[in-house]
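Q: sequence unknown, structure follows:
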């Protein structure tokens, strides 16, 4: 996603430094392979489309055709759209957004409540984005339902349909954005969402990485700058002449003049043309196609014995990969970076990461919300041997039932029950005996307002997690335990030692429950994890504590807290966490709690940051 788009729009933005901090252009020596001008799998002409795969790979093709990946972007007339365009309306900050159908065509109407001269805007829906958990919409403004010619660009529209709850929500509140003042049409779709939600030539995505540190920001992102130096792949130019020829072809395709000058200048020109002119007609395929992962398959189509490669290759391209111990590990590394082309983002300008990091710092931690899983995985302990596809079927989108056998294939010392019990200090056949229970903590904000697993595989006893994050990861299962009791157990079982003064900075009184202290003192993403766990525990008396999440400065955390409050009470409070103000939510929650014989919390007592943790400026 493009990092320079305005913050006021209702979309999730990727990191601005994704390309800007790529390595400087390095021209590698011309190789013998380059002299023979081998084929490539990264250029527009290398792609043939997923339909060419069906004849030989019918089973995989059929699974892919039904998958959320393929359905990531659909045209508006797709038959499987879940959202009901039946006139239902979302009210938001005095504005109204309705889903309508006229003459069999889907529309989104935005009615402004601020008295603006153009107070009634009608958009013909052109694209539907997503479909597993929610659907978002893209459309062109039209004069009325009878004159549906486009007036302007395709814009991202400010409403989402939540499939899991059958409700409408302001689109921007799917991530950690601050309050928005009304419902406005968002950015131009082709300039923001195109690359990760569709199939594009791989070269278009690494123009910035090839350009170097001063590359202009655009939709192309390289995960390398988001990783520690030892885990980065770096891209360089093996043959400037061959790359120049490729850039000329792409500029011509994008209806731009061929650039002159050195290779850096020509890369700059191609980025500018891509940013300005790349549109839906320039896609290889709408949605995520086979070649998004497998690379351009023209060579494979001509010669089935020439297997597709997850590793991009071209006469002009050189990639310095991280060292691996085996072909299996090298393949895993390549697959993981395919996934990380899109699943890498630290959403919006929310400043904090896990491990107590800051998004703007070089020592970044992990993402706290969906869509950063592959990048987080690459930062963890098992990325050198495991691939994302070990656990996730990329063709049908399902998570595989893999169990501990995946882990013990490398960590054979924990194969027996006795060994696992001694290591985990939990029943090897219970929930606590699952390796991922402790090493892939379920603490990230999911798209359905629950929690999903943090994919940076590590230990809950890691000092960075114990002393810089809230809550202690053990508290995600042991919600009733105090900070001191959990820390004491970790120290006793695993021969650790944690300075109490640092824990006091995080939690205050160490005798209080870990989750309660997290709600009172935590950052927004930490509060979200705590209130979801409290809600899932269905402890009625925890409801006033959960309700404190409704005072968050981030609307997404308020929505998470509203859902958790209903779970704790076993009954809905019918809170409008989407459009209501904090004051309105506090009033409504107080009424709901009192009606159930519970005291309302002391509103306003929570803090956003612990002492000494001043929020960094937004970059």
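A: Thanks, I have it. Everything numeric in this text was worked out from a predicted model, so none of it was measured.

Q: Flag the shaky bits of the protein, pLDDT-wise.
A: Residue ranges of the chain with pLDDT under 70: 1-38, 115-118, 347, 362-363, 605-619.

Q: ok, longest strand in it?
A: Scanning the chain for the longest strand, with DSSP state E as the assignment, gives strand 120-130.

Q: Tell me the helix or strand right after that strand.
A: Later in the chain than strand 120-130, the nearest helix or strand by DSSP states H and E is strand 134-142.

Q: What strands line up against that next one, and which way round?
A: strand 120-130 (antiparallel), strand 154-162 (antiparallel) (DSSP bridges).

Q: Go through those strands and pick out the most buried.
A: Of all these, strand 154-162 has the most neighbours on average by mean count of other Cβ atoms under 10 Å, namely a mean of 24. Every residue, glycine included, has its C-beta placed from N, CA and C.

Q: How far off centre is that strand?
A: On the basis of Cα atoms, centre = their mean, to the nearest Å, strand 154-162 sits 17 Å off its chain's mean C-alpha point.

Q: what sits up against the helix or strand following it?
A: As assigned by DSSP H and E, the chain's next helix or strand after strand 154-162 is strand 167-170. For strand 167-170, contacts defined as Cβ atoms under 8 Å, 6 or more residues apart in numbering pick out 10, 88-90, 92, 97, 99, 134, 158-162, 180, 183, 555, 559, 578-579.

Q: next one: stretch 83-97
A: The contact list for stretch 83-97 (Cβ under 8 Å, 6+ apart) reads 98-101, 106-114, 125, 128, 135, 137, 157-159, 161, 168-170, 180-183, 578-579.

Q: Out of the strands paired with strand 134-142, which is closest to residue 459?
A: Closest approach to residue 459 among the strands paired with strand 134-142 (Cβ to Cβ): strand 120-130, 33.8 Å.

Q: Return a PyMOL selection command for the buried portion of the contacts of stretch 83-97.
A: Selection of buried members from the contacts of stretch 83-97 for PyMOL, criterion 16 or more other Cβ atoms under 10 Å:
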select buried, resi 98+99+100+106+107+108+109+110+111+112+125+128+135+137+157+158+159+161+168+169+170+180+182+183+578+579
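
Q: Which residues belonging to stretch 357-365 are considered buried?
A: Per 16+ other Cβ under 10 Å, stretch 357-365 contains these buried residues: 357-360, 364-365.

Q: Is the nearest residue to residue 75 once chain neighbours are set aside bridged to anything, and to what?
A: Of all residues not flanking residue 75 in the chain, residue 127 sits nearest, at 6.5 Å (Cβ to Cβ, 6 or more residues apart in numbering). In this entry, residue 127 is beta-bridged to residue 75, residue 138, by DSSP bridges.

Q: what's near enough to touch residue 127?
A: By Cβ under 8 Å, 6+ apart, the neighbours of residue 127 are 73-76, 137-139, 154, 189.

Q: Do a quick rundown of the strands in the stretch 351-500 of the chain.
A: 442-445, 451-453 (DSSP state E, counting those that start in this stretch).

Q: would JSON lines of those strands with distance to residue 294 and mean neighbour count be doable?
A: Shown next, in JSON lines, are the strands of the stretch 351-500 of the chain (distance: least, Cβ to Cβ, whole Å; neighbours: other Cβ atoms under 10 Å):
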{"stretch": "strand 442-445", "distance to residue 294": "28", "mean neighbour count": "24"}
{"stretch": "strand 451-453", "distance to residue 294": "26", "mean neighbour count": "18"}
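
Q: possible to save these as JSON lines with distance to residue 269?
A: Output for the strands of the stretch 351-500 of the chain, formatted as JSON lines (distance: least, Cβ to Cβ, whole Å):
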{"stretch": "strand 442-445", "distance to residue 269": "39"}
{"stretch": "strand 451-453", "distance to residue 269": "41"}
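
Q: To residue 176, which of those lies closest?
A: That would be strand 442-445 among the strands of the stretch 351-500 of the chain, by Cβ to Cβ, at 8.0 Å.

Q: helices and strands around that closest one, which ones?
A: Where contact means 3 or more Cβ pairs under 8 Å, 6 or more residues apart in numbering; DSSP states H and E, strand 442-445 is packed against strand 451-453, helix 524-536.

Q: List the buried residues of stretch 80-89.
A: So for stretch 80-89, counting by 16+ other Cβ under 10 Å, buried means 81, 83, 85.

Q: So which of these is the closest to residue 543?
A: Once Cβ to Cβ is applied, the member of those that ends up nearest residue 543 is residue 83, at 31.8 Å.

Q: Which element, helix or strand, includes the closest one?
A: Applying DSSP H and E as the criterion places residue 83 outside every helix and strand.

Q: and it, how far is that from residue 101?
A: Applying Cβ to Cβ, to the nearest Å, the value for residue 83 to residue 101 is 11 Å.

Q: ok, the nearest residue to residue 424 once chain neighbours are set aside - contacts?
A: Excluding its sequence neighbours, the residue lying closest to residue 424 (Cβ to Cβ, 6+ apart) is residue 433, at 5.8 Å. With contact set as Cβ under 8 Å, 6+ apart, residue 433 has these partners: 404, 420-421, 424, 426-427.
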